[in-house]
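J.: curious how this folds, go ahead:
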Amino acid sequence: MNTLPLNDPPRCAWVGTEPIYLEYHDTEWGVPEWDSRALWEKLVLDGFQAGLSWITILKKRDNFREAFAGFDPEVIATWGEPEVQRLLGDAGIIRHRGKIEATIGNAQAWLKIEEKQGFDKLLWGYVEGEALQPGYRSHSEVPPSTPLSERVSKDLKKAGFRFVGPTIVYAFMEACGLVNDHLVGCHCHARCAALKAG
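T.: Residues are numbered from 1 along each chain as shown. Prediction:
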């Protein structure tokens, strides 16, 4: 992990001071993600976050990747009770039966969408292929959900996804750069705003 400079640049207020969180904010959060499988992984992890802090998930992310076969939806979609039991015994992840079973169902739902149109195309279609730029100046302005995240949530649930409520979906949209919620004063705001489709 890179050592951060002593004179840190201005950042979003939620980041705090833990190096793993600073690194995530500076290099990943808000950067547009265009890869279908990576988008699915992030949505699953946001689902596991429900009721917990994101840093808890972030610290366990490598364990999650190992336990969930590198988040390969084609593999996970075939899992059943034996794999659920294995995961419930894995202290390196969040051991929550509902979230584990939802991940298997979400993999099956992902495969159907991926085959039909592409999960990436579905999600980026909601913002017409370009990240939304709200331009918030204070953390207090950032909403927990929006009418758009409610719409995406409803559509994902209809497609068979679970643990995709409007608040989870909005956090996912922020993390994957579908909406650039870096505050205007944050050093990452302009960089993320300039990123286009790869």
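J.: when you work out contacts or count neighbours from here on, use the C-alpha atoms and nothing else.
T.: OK.
J.: residue closest to the middle of the protein?
T.: Nearest to the centroid of the C-alpha atoms of the chain, with distances taken as C-alpha atoms, centre = their mean, sits Lys42, at 3.3 Å.
J.: that one contacts Phe172, doesn't it?
T.: Yes: Lys42 is in contact with Phe172 according to C-alpha atoms under 8 Å; the separation is 6.9 Å.
J.: what sits up against the helix or strand hosting Gln85?
T.: Under the criterion of DSSP states H and E, Gln85 resides in helix 81-88. Helix 81-88 is contacted from outside by Ala67, Ile93, Arg95, His96, Arg97, Ile100, Glu101, using C-alpha atoms under 8 Å, 6 or more residues apart in numbering.
J.: just the buried positions in it, please.
T.: For helix 81-88, the neighbour count (16 or more other C-alpha atoms under 10 Å) marks Glu83, Val84, Leu87, Leu88 as buried.
J.: closest one of the residues you listed to Lys158?
T.: Val84 (23.8 Å; C-alpha to C-alpha).
J.: now the element after the longest helix belonging to the chain, going C-ward?
T.: Counting by DSSP state H, the longest helix found in the chain is helix 97-116. Per DSSP H and E, the first helix or strand lying C-terminal to helix 97-116 is helix 119-125.
J.: can you show me the CA trace of that following helix as CSV?
T.: Listed next in CSV are the C-alpha coordinates belonging to helix 119-125 (Å, rounded to 0.1, in the frame of the first residue of the first chain):
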residue,chain,number,x,y,z
PHE,A,119,-25.2,-6.2,-16.9
ASP,A,120,-23.0,-3.2,-17.6
LYS,A,121,-25.2,-2.0,-20.4
LEU,A,122,-28.3,-2.3,-18.2
LEU,A,123,-26.8,-0.3,-15.4
TRP,A,124,-25.1,2.4,-17.5
GLY,A,125,-28.3,2.7,-19.5
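J.: what is the mean pLDDT for that helix?
T.: On average, the pLDDT along helix 119-125 is 98.
J.: which helices and strands does it pack with?
T.: Judged by 3 or more C-alpha pairs under 8 Å, 6 or more residues apart in numbering; DSSP states H and E, helix 119-125 is in contact with helix 36-49, helix 97-116.
J.: could you identify the helix or strand that succeeds the first one?
T.: Under the assignment DSSP H and E, the closest C-terminal helix or strand after helix 36-49 is helix 54-67.
J.: tell me, how many residues neighbour the residue lying closest to Pro144 once chain neighbours are set aside?
T.: Closest residue to Pro144 apart from its sequence neighbours, by C-alpha to C-alpha, 6 or more residues apart in numbering: Thr167 at 5.6 Å. Here the count is done by other C-alpha atoms under 10 Å, and Thr167 has 19 residues near it.
J.: understood, closing this out.
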